[in-house]
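1. sequence unknown, structure follows:
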(Lines give C-alpha, C1' and ligand atoms only; values in the text may rest on other atoms or scores of the structure.)
Protein backbone atom coordinates (compact mmCIF):
# COMPACT_ATOMS: atom_id res chain seq x y z
CA UNK A 1 0.00 0.00 0.00
CA UNK A 2 1.21 3.53 -0.71
CA UNK A 3 1.92 5.61 2.38
CA UNK A 4 1.98 9.39 2.55
CA UNK A 5 5.02 11.09 0.97
CA UNK A 6 8.15 11.52 3.06
CA UNK A 7 10.31 14.60 2.93
CA UNK A 8 13.43 12.54 2.14
CA UNK A 9 11.87 11.09 -1.01
CA UNK A 10 11.92 12.62 -4.45
CA UNK A 11 8.47 13.62 -5.67
CA UNK A 12 7.83 14.76 -9.23
CA UNK A 13 6.12 18.13 -9.05
CA UNK A 14 3.73 17.11 -11.82
CA UNK A 15 3.15 14.27 -14.21
CA UNK A 16 5.03 15.10 -17.41
CA UNK A 17 3.91 13.90 -20.84
CA UNK A 18 4.87 10.30 -21.39
CA UNK A 19 7.92 9.61 -23.51
CA UNK A 20 6.41 8.30 -26.75
CA UNK A 21 9.33 5.92 -27.21
CA UNK A 22 8.16 3.94 -24.18
CA UNK A 23 4.64 3.48 -25.53
CA UNK A 24 5.87 2.54 -28.97
CA UNK A 25 8.67 0.22 -27.85
CA UNK A 26 8.19 -3.53 -27.67
CA UNK A 27 10.07 -3.71 -24.37
CA UNK A 28 7.98 -5.01 -21.48
CA UNK A 29 7.59 -2.86 -18.38
CA UNK A 30 7.59 -5.43 -15.56
CA UNK A 31 5.72 -4.40 -12.42
CA UNK A 32 6.36 -6.50 -9.30
CA UNK A 33 3.47 -5.07 -7.27
CA UNK A 34 0.18 -3.42 -8.14
CA UNK A 35 -3.33 -3.28 -6.72
CA UNK A 36 -4.80 -2.18 -10.04
CA UNK A 37 -7.52 -4.39 -11.47
CA UNK A 38 -6.81 -3.24 -15.03
CA UNK A 39 -5.52 -6.18 -17.12
CA UNK A 40 -1.73 -5.95 -17.39
CA UNK A 41 0.19 -9.10 -18.39
CA UNK A 42 3.54 -7.71 -17.19
CA UNK A 43 2.25 -6.88 -13.71
CA UNK A 44 1.80 -8.94 -10.56
CA UNK A 45 -1.50 -7.99 -8.95
CA UNK A 46 -1.47 -8.28 -5.17
CA UNK A 47 -4.49 -9.95 -3.57
CA UNK A 48 -5.10 -9.41 0.14
CA UNK A 49 -6.83 -12.02 2.29
CA UNK A 50 -10.29 -10.53 1.72
CA UNK A 51 -9.76 -10.75 -2.05
CA UNK A 52 -8.67 -14.39 -2.26
CA UNK A 53 -12.22 -15.40 -3.17
CA UNK A 54 -11.71 -13.68 -6.54
CA UNK A 55 -8.93 -16.12 -7.34
CA UNK A 56 -11.04 -19.06 -6.17
CA UNK A 57 -13.98 -17.97 -8.30
CA UNK A 58 -11.92 -17.35 -11.43
CA UNK A 59 -10.50 -20.48 -13.05
CA UNK A 60 -8.08 -18.41 -15.12
CA UNK A 61 -7.00 -15.02 -13.76
CA UNK A 62 -6.12 -12.54 -16.47
CA UNK A 63 -2.69 -11.72 -15.11
CA UNK A 64 0.04 -12.80 -12.74
CA UNK A 65 -0.87 -12.60 -9.06
CA UNK A 66 0.51 -12.68 -5.56
CA UNK A 67 -1.33 -13.52 -2.35
CA UNK A 68 -0.43 -12.45 1.15
CA UNK A 69 -1.58 -11.32 4.57
CA UNK A 70 -0.96 -7.60 4.91
CA UNK A 71 0.15 -6.50 8.40
CA UNK A 72 -2.56 -3.83 8.43
CA UNK A 73 -5.34 -6.42 8.10
CA UNK A 74 -4.27 -9.74 9.58
CA UNK A 75 -6.93 -12.44 10.09
CA UNK A 76 -8.34 -12.45 13.60
CA UNK A 77 -7.90 -16.09 14.52
CA UNK A 78 -5.89 -17.91 17.15
CA UNK A 79 -3.61 -19.83 14.81
CA UNK A 80 -2.38 -19.08 11.30
CA UNK A 81 -2.17 -22.75 10.32
CA UNK A 82 -5.62 -22.99 8.65
CA UNK A 83 -5.09 -19.76 6.71
CA UNK A 84 -1.61 -20.82 5.62
CA UNK A 85 -3.05 -24.14 4.44
CA UNK A 86 -5.63 -22.20 2.43
CA UNK A 87 -2.82 -20.13 0.93
CA UNK A 88 -0.87 -23.26 0.00
CA UNK A 89 -3.95 -24.71 -1.70
CA UNK A 90 -4.39 -21.54 -3.73
CA UNK A 91 -0.79 -21.76 -4.94
CA UNK A 92 -1.41 -25.36 -6.01
CA UNK A 93 -4.63 -24.55 -7.88
CA UNK A 94 -3.65 -21.30 -9.57
CA UNK A 95 -0.39 -21.41 -11.57
CA UNK A 96 -0.58 -17.66 -12.18
CA UNK A 97 0.04 -16.99 -8.47
CA UNK A 98 3.78 -16.52 -8.80
CA UNK A 99 4.70 -14.69 -5.59
CA UNK A 100 3.74 -14.36 -1.94
CA UNK A 101 2.83 -10.95 -0.61
CA UNK A 102 2.41 -8.44 0.30
CA UNK A 103 3.23 -9.50 3.83
CA UNK A 104 5.48 -7.99 6.45
CA UNK A 105 5.66 -6.01 9.66
CA UNK A 106 4.56 -2.44 10.35
CA UNK A 107 5.42 -0.69 13.61
CA UNK A 108 3.13 2.24 12.89
CA UNK A 109 -0.09 0.60 11.80
CA UNK A 110 -1.58 -2.87 12.29
CA UNK A 111 -4.62 -4.59 13.74
CA UNK A 112 -2.27 -7.04 15.52
CA UNK A 113 0.45 -6.89 18.14
CA UNK A 114 4.12 -6.96 17.19
CA UNK A 115 4.46 -10.60 18.22
CA UNK A 116 1.36 -11.57 16.24
CA UNK A 117 2.71 -9.80 13.16
CA UNK A 118 5.96 -11.74 13.46
CA UNK A 119 4.10 -15.03 13.83
CA UNK A 120 2.07 -14.41 10.68
CA UNK A 121 5.15 -13.23 8.81
CA UNK A 122 7.21 -16.26 9.77
CA UNK A 123 4.44 -18.63 8.66
CA UNK A 124 4.15 -16.95 5.29
CA UNK A 125 7.88 -16.75 4.70
CA UNK A 126 8.30 -20.44 5.55
CA UNK A 127 5.64 -21.33 3.00
CA UNK A 128 7.27 -19.14 0.35
CA UNK A 129 10.65 -20.75 1.02
CA UNK A 130 9.14 -24.23 0.79
CA UNK A 131 7.48 -23.37 -2.54
CA UNK A 132 10.37 -21.20 -3.79
CA UNK A 133 8.02 -18.29 -4.39
CA UNK A 134 9.44 -14.75 -4.40
CA UNK A 135 8.25 -12.64 -1.47
CA UNK A 136 6.95 -9.05 -1.65
CA UNK A 137 7.40 -7.36 1.73
CA UNK A 138 5.76 -4.40 3.43
CA UNK A 139 8.17 -3.17 6.12
CA UNK A 140 7.81 0.01 8.16
CA UNK A 141 10.45 0.81 10.81
CA UNK A 142 11.22 -2.87 11.30
CA UNK A 143 14.45 -3.31 9.35
CA UNK A 144 16.32 -5.26 12.02
CA UNK A 145 13.34 -7.57 12.57
CA UNK A 146 13.18 -8.23 8.83
CA UNK A 147 16.87 -9.05 8.63
CA UNK A 148 16.53 -11.39 11.62
CA UNK A 149 13.59 -13.14 9.94
CA UNK A 150 15.58 -13.65 6.74
CA UNK A 151 18.49 -15.05 8.73
CA UNK A 152 16.08 -17.40 10.46
CA UNK A 153 14.84 -18.65 7.08
CA UNK A 154 18.44 -19.12 5.91
CA UNK A 155 19.08 -21.46 8.85
CA UNK A 156 16.10 -23.60 7.81
CA UNK A 157 16.38 -23.62 4.02
CA UNK A 158 19.34 -24.24 1.72
CA UNK A 159 18.08 -21.73 -0.84
CA UNK A 160 15.97 -18.63 -0.27
CA UNK A 161 13.63 -17.12 -2.86
CA UNK A 162 14.08 -13.46 -3.86
CA UNK A 163 12.75 -11.11 -1.17
CA UNK A 164 11.65 -7.62 -2.19
CA UNK A 165 11.05 -4.58 0.01
CA UNK A 166 8.23 -2.89 -1.87
CA UNK A 167 7.58 0.87 -2.01
CA UNK A 168 11.07 1.49 -0.67
CA UNK A 169 11.65 5.11 0.36
CA UNK A 170 14.22 4.88 3.13
CA UNK A 171 17.59 6.58 2.90
CA UNK A 172 21.00 5.44 1.80
CA UNK A 173 22.05 3.90 5.12
CA UNK A 174 18.98 1.66 5.35
CA UNK A 175 19.28 0.76 1.67
CA UNK A 176 22.89 -0.32 2.14
CA UNK A 177 21.96 -2.42 5.16
CA UNK A 178 19.05 -4.17 3.46
CA UNK A 179 20.90 -4.78 0.19
CA UNK A 180 23.83 -6.20 2.16
CA UNK A 181 21.39 -8.53 3.92
CA UNK A 182 20.21 -9.87 0.55
CA UNK A 183 16.97 -8.00 -0.13
CA UNK A 184 15.94 -6.36 -3.39
CA UNK A 185 14.35 -2.91 -3.39
CA UNK A 186 11.27 -1.87 -5.37
CA UNK A 187 10.51 1.74 -6.23
CA UNK A 188 7.48 3.64 -7.40
CA UNK A 189 6.32 7.25 -7.52
CA UNK A 190 8.25 8.28 -4.38
CA UNK A 191 11.87 7.33 -3.83
CA UNK A 192 15.22 8.33 -2.35
CA UNK A 193 17.69 8.94 -5.17
CA UNK A 194 20.73 7.51 -3.35
CA UNK A 195 18.83 4.36 -2.44
CA UNK A 196 17.67 4.05 -6.04
CA UNK A 197 21.25 4.26 -7.28
CA UNK A 198 22.46 1.67 -4.79
CA UNK A 199 19.77 -0.80 -5.85
CA UNK A 200 20.66 -0.23 -9.49
CA UNK A 201 24.38 -0.72 -8.86
CA UNK A 202 23.77 -4.04 -7.10
CA UNK A 203 21.39 -5.33 -9.77
CA UNK A 204 18.45 -5.57 -7.39
CA UNK A 205 16.23 -2.71 -8.49
CA UNK A 206 12.56 -3.42 -9.19
CA UNK A 207 9.72 -1.13 -10.24
CA UNK A 208 6.08 -1.09 -9.18
CA UNK A 209 2.93 0.97 -9.36
CA UNK A 210 1.32 -0.07 -6.06
CA UNK A 211 -1.81 2.12 -6.14
CA UNK A 212 -2.31 3.91 -9.48
CA UNK A 213 -2.53 7.71 -8.99
CA UNK A 214 -5.97 9.16 -9.55
CA UNK A 215 -6.53 10.31 -13.11
CA UNK A 216 -4.06 7.88 -14.70
CA UNK A 217 -4.68 4.57 -16.38
CA UNK A 218 -2.53 1.66 -15.26
CA UNK A 219 -0.43 1.86 -18.43
CA UNK A 220 0.17 5.57 -17.96
CA UNK A 221 1.23 4.98 -14.34
CA UNK A 222 3.78 2.25 -15.08
CA UNK A 223 5.22 4.18 -18.04
CA UNK A 224 5.54 7.28 -15.87
CA UNK A 225 7.38 5.37 -13.14
CA UNK A 226 9.83 3.83 -15.59
CA UNK A 227 10.42 7.19 -17.24
CA UNK A 228 10.97 9.02 -13.94
CA UNK A 229 13.27 6.38 -12.46
CA UNK A 230 15.25 5.97 -15.67
CA UNK A 231 15.73 9.73 -15.85
CA UNK A 232 16.99 9.80 -12.25
CA UNK A 233 19.56 7.13 -13.17
CA UNK A 234 20.50 8.82 -16.47
CA UNK A 235 19.30 5.76 -18.41
CA UNK A 236 16.95 5.19 -21.30
CA UNK A 237 13.67 3.67 -20.07
CA UNK A 238 14.23 0.69 -22.37
CA UNK A 239 17.63 0.03 -20.81
CA UNK A 240 16.18 0.17 -17.31
CA UNK A 241 13.36 -2.18 -18.35
CA UNK A 242 15.84 -4.76 -19.62
CA UNK A 243 17.84 -4.55 -16.38
CA UNK A 244 14.71 -4.98 -14.26
CA UNK A 245 13.71 -8.05 -16.29
CA UNK A 246 17.07 -9.68 -15.52
CA UNK A 247 16.86 -9.34 -11.73
CA UNK A 248 16.68 -12.57 -9.68
CA UNK A 249 13.06 -11.77 -8.78
CA UNK A 250 11.85 -11.74 -12.39
CA UNK A 251 14.09 -14.62 -13.43
CA UNK A 252 12.39 -16.74 -10.76
CA UNK A 253 8.91 -15.53 -11.71
CA UNK A 254 9.51 -16.36 -15.38
CA UNK A 255 10.80 -19.80 -14.39
CA UNK A 256 7.53 -20.72 -12.75
CA UNK A 257 4.84 -18.77 -14.58
CA UNK A 258 2.53 -20.54 -17.05
CA UNK A 259 3.99 -20.85 -20.56
CA UNK A 260 0.88 -19.27 -22.05
CA UNK A 261 1.18 -16.05 -20.02
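-> Looks like it arrived, so ask away. Because the structure is a prediction, the values reported are computed rather than measured.
2. poorly predicted segments of the stretch 101-250 of the chain, please.
-> Applying pLDDT under 70 to the stretch 101-250 of the chain flags no residue at all.
3. helices of that one, start to end?
-> 114-131, 143-156, 172-180, 193-201, 218-232, 237-245, 248-256 (DSSP state H, counting those that start in this stretch).
4. contacting residues around the second one?
-> Okay, so that is helix 143-156. Residues outside helix 143-156 that contact it (Cβ atoms under 8 Å, 6 or more residues apart in numbering): 104-105, 118, 121-122, 125-126, 129, 137, 139, 160, 163, 165, 170, 174, 177-178, 181-183. Every C-beta, even on glycine, is put in place using the N, C-alpha and C of the backbone.
5. identify each buried residue in it, please.
-> For helix 143-156, the neighbour count (16 or more other Cβ atoms under 10 Å) marks 143, 145-147, 149-150, 153 as buried.
6. ok so, going back, pick the most deeply packed of the helices of the stretch 101-250 of the chain.
-> helix 218-232 (a mean of 21; mean count of other Cβ atoms under 10 Å).
7. and it, what does it pack onto?
-> Contacts defined by 3 or more Cβ pairs under 8 Å, 6 or more residues apart in numbering; DSSP states H and E place helix 218-232 against helix 20-24, strand 31-34, helix 193-201, strand 205-207, helix 237-245.
8. export the ones you listed to CSV and tack on distance to residue 79?
-> Output for the helices and strands packed on helix 218-232, formatted as CSV (distance: least, Cβ to Cβ, whole Å):
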stretch, distance to residue 79
helix 20-24, 47
strand 31-34, 28
helix 193-201, 37
strand 205-207, 33
helix 237-245, 38
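9. out of these, nearest to residue 256?
-> strand 31-34 (14.3 Å; Cβ to Cβ).
10. now for the helix or strand just after the closest one, which elements pack on it?
-> Next in sequence after strand 31-34, counting helices and strands by DSSP states H and E, comes strand 43-47. Using 3+ Cβ pairs under 8 Å, 6+ apart, the elements in contact with strand 43-47 are strand 31-34, strand 64-67, strand 97-106.
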